[in-house]
Each structure stands twice: as structure tokens, then as C-alpha cells.
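Trainee: here is a sequence with its predicted model. Questions after.
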Amino acid sequence: MKNFKWLLLASLSFVACNNNDDDSAPAEVPITPGSASFAKYVALGDSFAAGYSDGALFKAGQQNSYVNILAQQFMPAGGVAITTPLMSDNIGGLLLGGNVIAGPRLYFNGKAPVSVTGTPTTEVTNHLTGTFNNLGIPGAKSYHLVAAGYGNTAGVASGKANPYFARFSSSPSTTVLADAMAQSPSFFTLFIGGNDVLAYATSGGVGVNQTGNMDPSTYGSNDITDPTVFANVYGALATSLTANGAKGAVANLPYVTTLPYFTTVPYNPVPLDAATANQLNAGYAQYNGGLQQMVANKLLTADEAARRTIKFAAGNNAVVIVDSYLTNLSAFGLPSYRQVTKEDLVVLTARTFIGTTVGGDPTKINGVSVPLADQWVLSKDEVKEVQVATDAYNKTIVSVADSKGLAMVDTKLAMTQLSTSGVRFGNFHMTAAYVTGGAFSLDGVHPSPRGYAYIANLFVSAINAKYGSTLRTTDLSQYQIQYPAVIQ
């Protein structure tokens, strides 16, 4: 060991004596904006831009949003500190007239996600004054960014306005886009469209696919936005934002079905012994027999009958659901039941519902003897609807980015990588796995602090590639993957 230490010291001394300070060390590339100007940065988007995390918006989450992290990377290249409409606390949630309308954030207690203690203190009616660069609005869909009155406090209770935007909109009649343009941005980011399919997906398809309906005023909160409506709005946003020569970066949309909200609960979470399986099979025998009778009467195909047949066995079993996409046989006394397959996605919230009893009756088990309602599963047909709409939105985003000369951030590719092989950096491996993966927060939809930093780095790389900037990426290891119960 002594000889090894002496040899190491000698080698270091030799290097020191034979290298000039200016010879071998590569010159550090200075941070420059390239052809972009970050003097006035404005961000438009939804909950991701706002920094929503763990099921709520709160101060620490806002400070760790990808927008705020990105703004910090802009500062050495001529950017300035960004302004954010900060919440009043780190509890999260909202009050409207003193009544709680959005609950507090989640934290992991070692066994499961639970809500932090305390009552929200952020009151929607306490309107913030000033100009805000971060115009990320939780819950916003594409067409909401151009909707007059979306920030009108008087419309919050009825759902006509957004409580987060109502806190800081410049006037009751303004639009998000108008508040952005009033700042004469030199650079902007636009990451919008996820909510145009997300609520439909997270509700298990309890909504309407509005493809073909060009009137967003008739849409419900869980509906899929018509792709043409999206295209028209998105094009208008980009045209306005670039009208005065501003540069910008836009992001496409990942499939929401790659989020841990849809990939955590398996399709077959029901363990059964042989005796219980046989008992359940006896209970569904009449239903299965009815399907075969429908086939014999040529009212049902053999393939659909096989798909609808319910059969349990010893081991892990698929849950039973009500599927509205099946042939309606209610006139013959047969409900639309089937067991889920790997092509269906059980939503995260079902993990605490499957296996519970109805009214304490041990024979009425949700997901087993009592089929799950639509809200608990995104069926394969609904998955397809979400993907078709997302593909259409992404086609628009790419087209607009090309026509306006904007940097393009491929979050769809990044999310696919997170949900499959994961992303390695330094000694860390980040994936989309729920709780343990590091990329997503406890609500299963929104990123963790580290996940938001990763998104910021994706924007940095795209901006550098498009505008010749030399912005630095941020060190992902410096960002935590979960917030504690108490945030100092």
C-alpha cells in the first residue's frame, strides 16, 4: 500500500511538471443565447408548466417547475428572473370564499401516499397583482388559452373559469394568450395539449370523444378535444407568439397511457384459491351460458362471446368490468361484462377499491363478483381513442414548429424511454415506475422535482440545437424524487 501511494504521488508530480496550465485543459464554451434572446421569457402551458406535483400546486413544486428551472438556465445567456404566481403555502390546495375546493398534496409515509396535515391557505379571491412570466395553468386545455373569461373569479364556482388563473389574471375578461402577449416576449415555451385527452383517460373514459364537434363550448370536462379545434387553436397561439419576432420552443405530447397512473395496477390483481375460483365460476355460469345462447341465435359472434366469457382459476385473476363497447344485449337480460386483458389499463385509484366489499357483504366484492364501473379501467377501445387524438395533436405541433422555425422538444420519445428502459445519468437510473422510479410524483401523472428538471434539460437541448445557444443543462442528481411531509 505504501508503494502504491508513492507511485501515485510520483505520477501526479510528473504530470504537474510536464503540463502547462493552458495546454491540455479544454476551454470552457461560454454560455451564449445564439440567435435567440431570453431577455423576456414567457411560458404558456398547463399543470406541468405550473409545477403541479403530488396531486396539488404548492410553493416548492412551483419553484421546481421545468419553467423555473429553464429560466435559471437562461439567466447566464441574458435571461432575467422569472415571476411566478406562487401559492401561499406548501400544503397545497385552494380555498374559494373560505371553502376548500382543492385538497392538500400527498406525501409517502413509508407505506402509501397520504395527504399532508393542514388546511390550504391559498384563497382564490385574494387576487395577485403584477405581471407573471409563468402562465402555466393547471387543468388548462389548448382552447382554454384563448378563452375570454377563463380567469374570471365569478365563474370559478360554476366551472366556467379556472381557479388558478383567476388568482392572477390581468382582468376578468382577459385570455392567457393576451396576458402573455402584453409582456412582448422575446422567447416563449409552449407545452399544451395533454389535458385535451388526460381527463378522459384518468376518468376511465367517462366522457365523450368530441372528434367532429368543432364547438368547444359544448364540451364536458372529461371530453377529448376535436383535433381540428386543437390545430386551429395551436396555430393561432404560435402565430401570435411569433408575430413580433419572438423565438420559442414547443413540446409534443407523450401518450398519457405511459404514465404510472395507468401502468401501476396490473390487469390481474386478484389472487384466488381453487375453491373460491370455482365458487365464482358457478356464480357467472348463467351469464356465460346466456352468451352461448346468443351465439346459437346468431345475435353474437363466437369471438365476442369468448371475449365476454368470465372464468376464474387458482392464482392471479383479471378483474371483471362493465364495457360499453360490447354489443348491447340488455334486451335479452345480459349485461356487458368481461374480464380485462393486458390491452386494458386499470387506473391508479383502483388499487384501493378492487377487493373491497359492497355494504360489507363478503359475497359482493368489487372487481370480482361485482364488475368494476367504467371509471376504474381505460379499456383498449378507449386507449385507442386517446392515442389517435394524441397522434393528431402531435402532427399539428410538428407542423407548426416547422413552419414557424421553433425548437421542437420530443417529450413523447422521452416518456417512452422512461416507461421502458429508463434514463441513466451519473450513478442514477430514473424510470416511470410509481413511487420508486424517480421521474413522477405520487399522483402518478405529474413529474417529481427530478422529473421536472429532466424536462427542463430536454428543452435546453432542443433550444441549443435550433438556435445555436450554449445553455447548460442542470444536474438531475441535485433534485429530490419525493417531497417530505414537512417542507422547510
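Mentor: All right, it came through fine.

Trainee: who touches stretch 84-94?
Mentor: 54-63, 65, 67-68, 100-105, 116, 118-124, 128, 132-134, 163-164, 167-168, 487 (C-beta atoms under 8 Å, 6 or more residues apart in numbering). The way it works is simple: take the backbone N, C-alpha and C, and place the C-beta from them, glycine included.

Trainee: got it, and stretch 283-291?
Mentor: Against stretch 283-291 from outside (C-beta under 8 Å, 6+ apart): 300, 305, 308-311, 329, 332-335, 337, 369.

Trainee: in these, which residue is surrounded by the most others?
Mentor: Arg308 (23 neighbours; other C-beta atoms under 10 Å).

Trainee: you'd agree it is up against Thr341?
Mentor: No: shown here, Arg308 and Thr341 do not form a contact pair, counting by C-beta atoms under 8 Å, at 11.8 Å.

Trainee: returning to that earlier point: which of the contacts of stretch 283-291 fall within helices?
Mentor: Those of those mapping onto helices are 305, 308, per DSSP state H.

Trainee: any chance of TSV for the contacts of stretch 283-291, columns pLDDT?
Mentor: Compiled in TSV, the contacts of stretch 283-291 are given as follows (pLDDT from 0 to 100):
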residue	pLDDT
Leu300	97
Ala305	98
Arg308	98
Thr309	98
Ile310	98
Lys311	98
Leu329	97
Phe332	96
Gly333	96
Leu334	97
Pro335	97
Tyr337	98
Ser369	97
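
Trainee: tell me the two of the contacts of stretch 283-291 that are most distant?
Mentor: Spanning the widest gap among the contacts of stretch 283-291 are Leu300 and Ser369, at 23.2 Å by C-beta to C-beta.

Trainee: one step back: are any of the contacts of stretch 84-94 buried, and which?
Mentor: 54-62, 65, 67-68, 102-105, 116, 120, 122, 124, 132-134, 163-164, 167-168 (16 or more other C-beta atoms under 10 Å).

Trainee: domain ranges for the protein?
Mentor: Listed by automatic domain parsing, the domain ranges of the chain are 41-263+380-478, 270-339+345-378.

Trainee: for the shortest one, how far is the first residue from the last?
Mentor: Start to finish, the residues bounding domain 270-339+345-378 are 18 Å apart (C-alpha to C-alpha, to the nearest Å).

Trainee: what do you get for stretch 130-148?
Mentor: End-to-end distance (C-alpha to C-alpha), stretch 130-148: 19 Å.

Trainee: what comes up buried for it?
Mentor: In stretch 130-148, counting by 16+ other C-beta under 10 Å, buried: 132-147.

Trainee: hmm, which two among those residues are most spread apart?
Mentor: With C-beta to C-beta as the measure, no two of the buried residues of stretch 130-148 lie farther apart than Asn133 and Tyr143, at 22.3 Å.

Trainee: count of neighbours near Lys247?
Mentor: Lys247: 24 neighbours (other C-beta under 10 Å).

Trainee: could you give the bridge partners of it?
Mentor: Per DSSP bridges, the residues bridged to Lys247 are Phe187.

Trainee: my guess is it contacts Pro33. True?
Mentor: No: between Lys247 and Pro33 there is no contact under C-beta under 8 Å: 9.2 Å.

Trainee: which residues are common contacts for those two?
Mentor: Contacts common to Lys247 and Pro33, judged by C-beta under 8 Å, 6+ apart, are Tyr467.

Trainee: tell me where the stretch 51-200 of the chain has strands.
Mentor: Taking DSSP state E, counting those that start in this stretch, the strands of the stretch 51-200 of the chain run over residues 94-96, 99-102, 106-108, 113-115, 134-136, 187-191.

Trainee: mind giving me the packing neighbours of the third one?
Mentor: In terms of contacts (3 or more C-beta pairs under 8 Å, 6 or more residues apart in numbering; DSSP states H and E), strand 106-108 is packed against strand 113-115.

Trainee: can you list the strands that the strand it packs on pairs with?
Mentor: strand 106-108 (antiparallel).

Trainee: what's next to the strand it pairs with, contact-wise?
Mentor: Defining contact as C-beta under 8 Å, 6+ apart, one finds that strand 106-108 is touched by 54-56, 113-116, 435, 441-443, 482-485.

Trainee: could you point out which element follows the helix or strand of the chain with the lowest mean pLDDT?
Mentor: Using mean pLDDT, DSSP states H and E, the weakest-scoring helix or strand in the chain turns out to be helix 2-18, at a mean of 33. Using DSSP states H and E, the helix or strand that follows helix 2-18 in sequence is strand 41-45.

Trainee: in its sheet, what does that next one sit against?
Mentor: Short version: by DSSP bridges, strand 41-45 pairs with strand 134-136 (parallel), strand 187-191 (parallel).

Trainee: got the buried residues for it?
Mentor: In strand 41-45, counting by 16+ other C-beta under 10 Å, buried: 41-45.

Trainee: please apply the same query to stretch 272-291.
Mentor: 272, 276-277, 280, 284, 287, 290-291.

Trainee: which residue is the nearest non-sequential neighbour of Gln72?
Mentor: Thr474 (7.6 Å; C-beta to C-beta, 6 or more residues apart in numbering).

Trainee: now Asp46, nearest residue through space, not along the chain?
Mentor: Per C-beta to C-beta, 6+ apart, closest to Asp46 is Ala140, 4.6 Å.

Trainee: re the thing from before, between the strands of the stretch 51-200 of the chain, which gets nearest to Pro362?
Mentor: Here strand 113-115 is closest among the strands of the stretch 51-200 of the chain (C-beta to C-beta), at 27.1 Å.

Trainee: in the closest one, what's buried?
Mentor: So for strand 113-115, counting by 16+ other C-beta under 10 Å, buried means 113, 115.

Trainee: bridged to the closest residue to Gln183 other than its chain neighbours, which residues?
Mentor: Distances taken as C-beta to C-beta, 6+ apart place Val42 nearest to Gln183, at 5.4 Å, with adjacent residues excluded. Under DSSP bridges, the beta-bridge partners of Val42 are Phe188.

Trainee: when you give positions from now on, start the count at 47
Mentor: Fine by me, first position is 47 from now on; the one you just mentioned is Val88.
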